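A.B. asks: here are the coordinates; sequence isn't available:
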């Protein structure tokens, strides 16, 4: 789940997994208010791989 999507430093919550798993995210930025001549222009996509580890009861936070 993406949090603070309109922030320059958005974060996400990874899904729970039962085994170590690689997740691939595709990020594309749309500039709706910048100084460029084309409003709403999209950036090129950026792909990010993140390894997610299963949570253990000792590492869970509430």
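C.D. replies: Yep, it's here. The structure displayed is predicted, hence computed values, not measured ones.

A.B. asks: Could you list the residues in contact with stretch 41-53?
C.D. replies: Residues lying outside stretch 41-53 but in contact with it, judged by Cβ atoms under 8 Å, 6 or more residues apart in numbering, are 14-15, 17, 20-31. The C-beta positions use only the backbone N, C-alpha and C, and glycine is treated the same way.

A.B. asks: Which members of those are the farthest-apart pair?
C.D. replies: The widest separation within these, taken as Cβ to Cβ, falls between 20 and 31 and amounts to 35.9 Å.

A.B. asks: Between those two, which has more neighbouring residues?
C.D. replies: residue 31 (13 against 9; other Cβ atoms under 10 Å).

A.B. asks: Find me the pLDDT at the more buried one, would you?
C.D. replies: Per-residue pLDDT puts residue 31 at 71.

A.B. asks: now the residue nearest to it when sequence neighbours are not counted: how far from residue 50?
C.D. replies: Nearest non-adjacent residue to residue 31, counting by Cβ to Cβ, 6 or more residues apart in numbering: residue 41, 5.8 Å away. Noted for residue 41: a distance of 27 Å to residue 50, by Cβ to Cβ, to the nearest Å.

A.B. asks: partners of the residue most central in space within the chain in the sheet?
C.D. replies: The residue at the geometric middle of the chain, judged as the C-alpha nearest the mean C-alpha position with Cα atoms, centre = their mean, is residue 12 (5.2 Å). When bridges are assigned using DSSP bridges, the partners listed for residue 12 are residue 2.
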